[in-house]
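1. need coordinates for the following:
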Amino acid sequence: MLEFKTTSPEETFAFGQCLAKVLSAGQVVCLVGDLGAGKTLLVQGLAAGLDIQDAINSPTFTILNVYEAKFPVYHFDLYRLEDAEELYDIGFYEYTEGDGLSIIEWPDKFPDQLPDEYLWIEINSDFVNNGGKVNERVIRISALGTAYEHICEELKQICPFLP
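-> Reported below is the predicted structural model:
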């Protein structure tokens, strides 16, 4: 497991840009963290790193946002789904097994429905205990599968936010 630490929104955004350099089509990133932890901020940085020009918002109400880059980016937010059957309704499996990069917020709601291999990113911040202000984010990354282990090795080489 890798652990990174950022101390400002700008650094979390920059971490997302680093992450974009090591991701490609056909990969899956699972993103967990409490409300306000910085998941969307990290995705905004990732999108900037992929030269996506669209505004990046949390898909909390739309469940899925699709962005065009050099490959499609599928940004899921499973927070509002109650039952795994709803994943069929939104085309979850077609997207996560398809030709784009899938980013899944709240994947822990349906752990049995995730692909066999993925990158797991957990963000912890002091948002809740610091009156809504964030002074520090700890970003822990685990790889499930050989391809994702290589991604972690690459990220370790290019990302300056190791503690």
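2. which parts of this structure are helices?
-> 9-22, 39-49, 85-89, 92-96, 146-158 (DSSP state H).
3. what is the burial count for T146?
-> 9 (other Cβ atoms under 10 Å). To be clear about C-beta, it is placed using only N, CA and C from the backbone, and glycine gets the same treatment.
4. without its sequence neighbours, what residue ends up closest to it?
-> Leaving out its chain neighbours, the residue that sits closest to T146 by Cβ to Cβ, 6 or more residues apart in numbering is E117, at 7.9 Å.
5. same question for C18.
-> Nearest to C18 is C159, by Cβ to Cβ, 6+ apart, at 4.1 Å.
6. hang on, R140 packs against M1?
-> Yes - R140 lies in contact with M1 (Cβ atoms under 8 Å); the separation is 5.8 Å.
7. between those two, who's got more neighbours?
-> R140 (15 against 9).
8. looking at strand pairing, list the partners for the more buried one.
-> Beta-bridge pairing for R140 (DSSP bridges): E3, E122.
9. check it and give its pLDDT.
-> The model reports R140 with a pLDDT of 96.
10. pLDDT weak spots in this structure?
-> 127-128, 130-132, 163 (pLDDT under 70).
11. residue contacts, the residue nearest to T146?
-> For E117, the contact set (Cβ atoms under 8 Å, 6 or more residues apart in numbering) comprises 28, 144-148.
12. how near is it to L81?
-> Distance, E117 to L81, by Cβ to Cβ, to the nearest Å: 22 Å.
13. what do you get for I139?
-> Where L81 is concerned, I139 sits at a distance of 25 Å (Cβ to Cβ).
14. for those two, indicate the residue with more neighbours.
-> When I139 and L81 are compared for neighbours, I139 comes out ahead with 25 against 18, by other Cβ under 10 Å.
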